[in-house]
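In: okay, predicted coordinates and the sequence, questions at the end:
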Amino acid sequence: MNDVKHDEIRQAVRENYGAVARAESGCGCGPACCTPTELPAADILSRGIGYSESEVSAVPEGANLGLGCGNPQAIAALKPGETVLDLGSGAGFDCFLAARQVGDSGRVIGVDMTPDMLSKARANAVKGGYANTEFRLGEIEHLPVADGTVDVIISNCVINLSPDKPQVFRDAFRALKPGGRLAISDIVATAELPEEARRDLALYTGCMAGASLIEELEEMMKSVGFDQVRITPKDESRAFIRDWAPGRKIEEFVVSAHIEAVKP
C-alpha cells in the first residue's frame, strides 16, 4: 500500500470520526457510524462490550460516544502515579477512566488526529475537572510524546484503522519505558477477509476491513521488540459486530480481542 493510499484512508477516517464528534453522539463502529444516536444508547453499547455501569456513569456527559469494541481498562492494571497514553482517545472516555486509577500523582495523555474530537475531549476534561489529563493532536503512527516516557499504552478499536500498523507498534515501543506495557482492545481477523470487503472504505472506517490476522499482529509486535505478546480473541463479540454491517457476514472474519505485550 503506497503513501497516497495511506493518506486517503487517514483522511476518510478523520472525516468519519469528525462527523461523529460534531453530531454530539456516537453509535459504535460500523459504516453507519455518523448516524446520530442518543447518548444513553452509547452507554448501553459500552456496557455490552465490557464496561461496568459505574464506569459508564463516572465520566462527563458526552465523553462516551460508544465507539469501542472492548474495555482496555480491564486488562491495563493501572496503578497510582503511572503515565498512560491512549491511542485514538476520541472524546476522552477511556482517558477519564484511566485518570481516576492513576490519581493526582499520575498522568494521562490522549492522542487523536481529529480536531473535532480533541475539542470535545478538552471541553470534557474541563467539565470533569481532570487536571491530570491532556489531549494532543497527532497520528498514532507518529506519537507526540518523548522516548521512554510512558508506563502503559491503552487503545480501544483504533489500531485496526491504521494503514501502517507496524509503524504504530514501532512508535508505541519507542514511547514506552522499559517494562512498560500495552493493553489494547481492538478488532482482529480470524480469517482472510474477502477482497471486496478489503476495498470497501465504509467497512474500513467502520473498524472492520482494516483488521489484521492475529498471526500477523503477533509478528508485527515481536519484530519491533515486544515481549510477552498475548492476543485473546472474544468470540462472543461476533454478535455485536454482526450489527455493524448487517447482511455482510463480516462477523465470520473478524472479532474483538484483548492485545497485551511488554517492552523488555
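Out: The structure has been received and is ready for your questions. Numbers count the residues shown, from 1 in each chain.

In: just the helices in the stretch 101-250 of the chain please.
Out: Under the criterion DSSP state H, counting those that start in this stretch, the stretch 101-250 of the chain contains helices at 115-128, 165-175, 195-198, 201-205, 214-223, 238-244.

In: residues contacting the closest residue in space to G110 that isn't next to it in sequence?
Out: Of all residues not flanking G110 in the chain, S89 sits nearest, at 2.8 Å (CB to CB, 6 or more residues apart in numbering). The way it works is simple: take the backbone N, C-alpha and C, and place the C-beta from them, glycine included. Shown here is S89, whose contacts under the criterion CB atoms under 8 Å, 6 or more residues apart in numbering are C95, G110, V111, D112, M117, A121, F135.

In: and for E53?
Out: Contacts of E53 by CB under 8 Å, 6+ apart are R47.

In: can you check T149 too?
Out: By CB under 8 Å, 6+ apart, the neighbours of T149 are T83, A175, K177.

In: count the residues that sit near the last one.
Out: By other CB atoms under 10 Å, the residues close to K177 number 15.

In: and it, how far from T83?
Out: Separation of K177 from T83 (CB to CB, to the nearest Å): 8 Å.

In: quick one: common contacting residues for these two?
Out: Joint contacts of K177 and T83 (CB under 8 Å, 6+ apart) are T149, V150, D151.

In: of the residues you listed, closest to T190?
Out: Using CB to CB, V150 is the member of these that sits closest to T190, with 29.9 Å.

In: so that closest one makes contact with G180?
Out: Yes - taking CB atoms under 8 Å as the definition, V150 is a contact partner of G180 at 5.9 Å.

In: any chance of the contacts of T149 in TSV, with pLDDT and distance to Q228 too?
Out: Listed next are the contacts of T149 as TSV, based on pLDDT from 0 to 100; distance: CB to CB, whole Å:
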residue	pLDDT	distance to Q228
T83	98	20
A175	98	18
K177	98	15
